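S.K.: Fold the following, please.
(one chain, ligands or ions: 2)
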Amino acid sequence: MKIAILGAGYVGLTTGTCLAELGHDVTCVDLDEARIAKLNGGEVPIFEPGLEEMLRNHVGAAHLRFTTSIASGVDGADAVFIAVGTPSLPDGDIDLSFVEEAARSIARLVKPNCVIVVKSTVVVGTCKALREIIAEERGALDFSIASNPEFLREGSAVSDFLSPDRVVFGSDDPRARALLEKIYQPLADKGTPILCTTNANAELIKYSANAFLALKIGFINDVANLCEQVGGDVNAVAAGIGLDKRIGSSFLAAGPGYGGSCFPKDTRAFAAIGRKHGTPQSLIENLIASNDARPQALADRVLRELGGDPHAVTIAVLGLAFKANTDDVRESPSLAVINRLLKAGCTVRAHDPKAMQAAAPHISGAELCDDAFAAVAGADAVIVLTEWDEYRQMNVADVVRAMRGRLLVDYRNLWNVANIADLDVHYVSIGRAPAPRSKASGKVAKANPRGDRSAVAVSPAG
Ligand SMILES: NC(=O)c1ccc[n+]([C@@H]2O[C@H](COP(=O)([O-])OP(=O)(O)OC[C@H]3O[C@@H](n4cnc5c(N)ncnc54)[C@H](O)[C@@H]3O)[C@@H](O)[C@H]2O)c1
Ligand SMILES: O=c1ccn([C@@H]2O[C@H](COP(=O)(O)OP(=O)(O)O[C@H]3O[C@H](CO)[C@@H](O)[C@H](O)[C@H]3O)[C@@H](O)[C@H]2O)c(=O)[nH]1
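M.R.: Ligands and ions are numbered 1, 2, ... in the order given. Sure thing, here's the model as predicted:
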C-alpha cells in the first residue's frame with residue numbers, strides 16, 4: 001500500500017516508520033525544512049527509543065522517504081494520513097488550523113478514491129468538517145475520509161504502535177473501512193482488537209480515553225495529598241486498589257501532575273467541547289484546575305521546607321522532560337516548578353539526560369548541567385521531577401555527600417525509603433506517611449522542625 005503522512009513529528013514519524021515496518025511504502029511530508037533535512041541526512045530529530053534503528057532500516061530499503069513537497073509526497077498515494085499538530089487555543093478549545101490547512105493542501109493533489117485518514121487528535125465533528133473543506137477545494141473528487149486516532153505514548157511510541165491494545169478507526173463509508181482494515185491487517189493477524197465505528201465515535205473515543213486516564217492520575221494525586229495528612233502511603237494504596245481488575249494498576253503513580261503534549265491539551269479540549277454543547281464536564285474541569293495548581297504547590301512546599309531567604313538557596317532539579325524516555329518538555333511540570341523557584345529568587349541548577357536543549361528556552365535563568373552530579377554538587381536541596389532510570393539508580397548516599405544542604409525532595413517516589421533511612425537527610429516524597437521516628441530511639445525525631453506532617457524525616461543511624 002502506498003501511504004503519505006503529513007507531519008513528521010512524534011506521531012507522524014512513528015506512524016510512518018511503523019507502517020513501513022508493517023510492509024507499506026511510506027512518504028513522510030513535513031513543512032519544516034530543517035526537520036526533513038535532518039531526516040534525509042540520517043538524523044532522527046526526536047528521541048524515541050527504537051525509532052532510529054527501525055527508521056534507518058526502512059530508509060535503507062527505500063520503503064520510507066522524507067520530503068517537504070506535499071505534491072510529490074501524496075502523488076499516487078492510496079491513503080494520506082494527517083498527523084499535524086492540534087495545539088490549544090486560549091479558551092481551551094483546539095486549534096484545527098493546521099489540520100484544515102493540511103486537508104486543503106492535499107485536496108487538489110490526491111488521486112481519485114484516495115482515503116484521507118485523520119491521525120491527529122481532533123474534536124468530534126472534525127472529519128465531517130474536513131470532508132466539506134476538501135469538497136469545496138476539489139469539487140467532484142471521489143474520496144473517503146476516516147478517523148484513526150493514535151494511542152501511542154511518548155517514550156514507548158514504537159512498541160505502542162506495533163503492539164497496541166486496540167486499533168480504532170471511524171468511517172462512514174465502506175471504502176475507507178476496507179482500506180484501513182488492509183493497512184492494519186498485520187496487527188489484526190497478531191490478535192490486536194480492531195474497532196471499526198463511526199467518525200464521531202472514533203473522535204470521541206480518543207478524547208474520552210485521555211480524559212479518563214488523566215482522571216486516574218488526578219485521583220491518585222488527591223489520594224496522595226490525603227495520605228500525607230493522615231499517615232498513609234500512596235504507593236501501598238495504589239497497589240491495593242490496582243489489584244481490583246475493575247480499577248487496574250496502571251496510571252496510578254502519584255507525582256507532580258500530568259504534563260506532556262496530550263493530557264493537558266486534550267482535557268482542556270474535552271472540557272471546551274462540553275461547554276460548547278451545553279454538557280459541562282465538571283469532573284474534567286475540576287481535574288484541570290487541580291493539575292494546573294500542583295507544580296506551584298510543590299515548588300512552594302520546597303521553599304517552606306527550606307525556610308529562610310530563597311535568594312541564598314541553590315536547588316538542583318533532576319529531570320526536565322514531562323516523563324522519562326522522551327526529550328519532550330511540552331507542559332512539563334518540571335518547567336513550572338523551576339520557574340516558580342526562579343521567581344522566588346532561588347538559584348536553580350537543572351539536569352536531564354535528553355531534554356536540556358528543548359527545555360533551555362523555557363527556563364532562562366536556570367543553569368543547565370551536563371551531569372546529574374554536577375547539578376547536585378553544593379546544592380541545598382535536590383528535587384527529582386522526572387522518573388529517569390538514571391536517577392532511580394543513583395546512589396543516594398553519594399547524592400547527599402555531594403550536597404551542601406540536607407533536603408531531598410522525591411516528587412516521583414523513585415528512591416527507596418529504606419535506603420535513605422541511614423542517611424542524615426530530610427526526605428520529602430509524594431503521598432508517603434510521615435515516619436518521623438529515629439531508628440535508634442524509636443522516638444519521634446526532631447529532623448522535621450517545621451512540623452510538616454507530609455515530610456518523612458529520617459535521623460542518622462545509630
Ligand atoms: N505526541 C504524542 O504522544 C501523541 C500521541 C497521540 C496523538 N497525538 C496527536 O497527534 C498530533 C500530532 O502530534 P505530535 O506530537 O506528533 O506533533 P508535533 O508537533 O511533534 O509534529 C507535528 C508536525 O506537523 C508538521 N506540520 C504542520 N503543518 C503541516 C502541514 N500542513 N503539512 C505537513 N506537515 C505539517 C510540523 O512541522 C510538525 O513537525 C496532535 O493532534 C496530537 O494531539 C500525539
Ligand atoms: O501513573 C501515571 C502515569 C502518567 N503520569 C503522567 O502523565 C503524563 C502523561 O504520561 P503518558 O500517558 O505516559 O504519556 P503521553 O505520551 O502523554 O501519552 C498519553 O497521551 C497520548 C497522546 O494523546 C496518548 O496517545 C497516550 O495513550 C496517553 O497515554 C506524564 O506527565 C506522566 O508523568 C503520572 O503522573 N502517573
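S.K.: number of nearby residues for whatever residue of the chain ends up closest to ligand 1?
M.R.: Across the chain, the shortest distance to ligand 1 (CB to the nearest ligand atom) belongs to Gly9, at 1.8 Å. Just so you know, the C-beta spots here come from the backbone N, C-alpha and C atoms, and that holds for glycine as well. Here the number of neighbours of Gly9 (other CB atoms under 10 Å) works out to 20.
S.K.: mind listing what it touches?
M.R.: 30, 46, 83-85 (CB atoms under 8 Å, 6 or more residues apart in numbering).
S.K.: and the gap between it and ligand 2?
M.R.: 12 Å (CB to the nearest ligand atom, to the nearest Å).
S.K.: Could you do Leu195 as well?
M.R.: For Leu195, the distance to ligand 2 - CB to the nearest ligand atom - is 15 Å.
S.K.: now that residue, which residues is it bridged with?
M.R.: For Leu195, the beta-bridge partners are Val168 (DSSP bridges).
S.K.: which stretches of the stretch 351-462 of the chain have low pLDDT?
M.R.: For the stretch 351-462 of the chain, applying pLDDT under 70 flags the ranges 433-462.
S.K.: which stretches of it form strands?
M.R.: Assigned by DSSP state E, counting those that start in this stretch, the stretch 351-462 of the chain shows strands spanning 367-368, 381-384, 407-410, 425-429, 456-458.
S.K.: Most tightly packed of the ones you listed?
M.R.: Across these, averaging neighbours per residue (mean count of other CB atoms under 10 Å) puts strand 381-384 on top, at a mean of 27.
S.K.: And the pLDDT at the residue of the chain closest to ligand 1?
M.R.: With respect to pLDDT, Gly9 has a value of 96.
S.K.: what's the answer for the one 10 residues further on, then?
M.R.: Among the per-residue scores, Leu19 holds a pLDDT of 98.
S.K.: Just give the closest residue to it, not the sequence neighbours.
M.R.: Distances taken as CB to CB, 6 or more residues apart in numbering put Val26 closest to Leu19, at 5.2 Å, once the chain neighbours are dropped.
S.K.: Look up phi and psi at the one you found.
M.R.: Per-residue torsions, Val26: phi -120, psi 140 (degrees, to the nearest 10).
S.K.: and the stretch 101-250 of the chain, which residues reach ligand 1?
M.R.: 101-102, 105, 120-121, 150, 152, 154 (CB under 6 Å from any ligand atom).
S.K.: my read: Ala224 touches Asn235, true?
M.R.: No: the pair Ala224 / Asn235 is not scored as a contact, 9.2 Å apart, by CB atoms under 8 Å.
S.K.: So for those two, which residue has more residues nearby?
M.R.: Ala224 (24 against 20).
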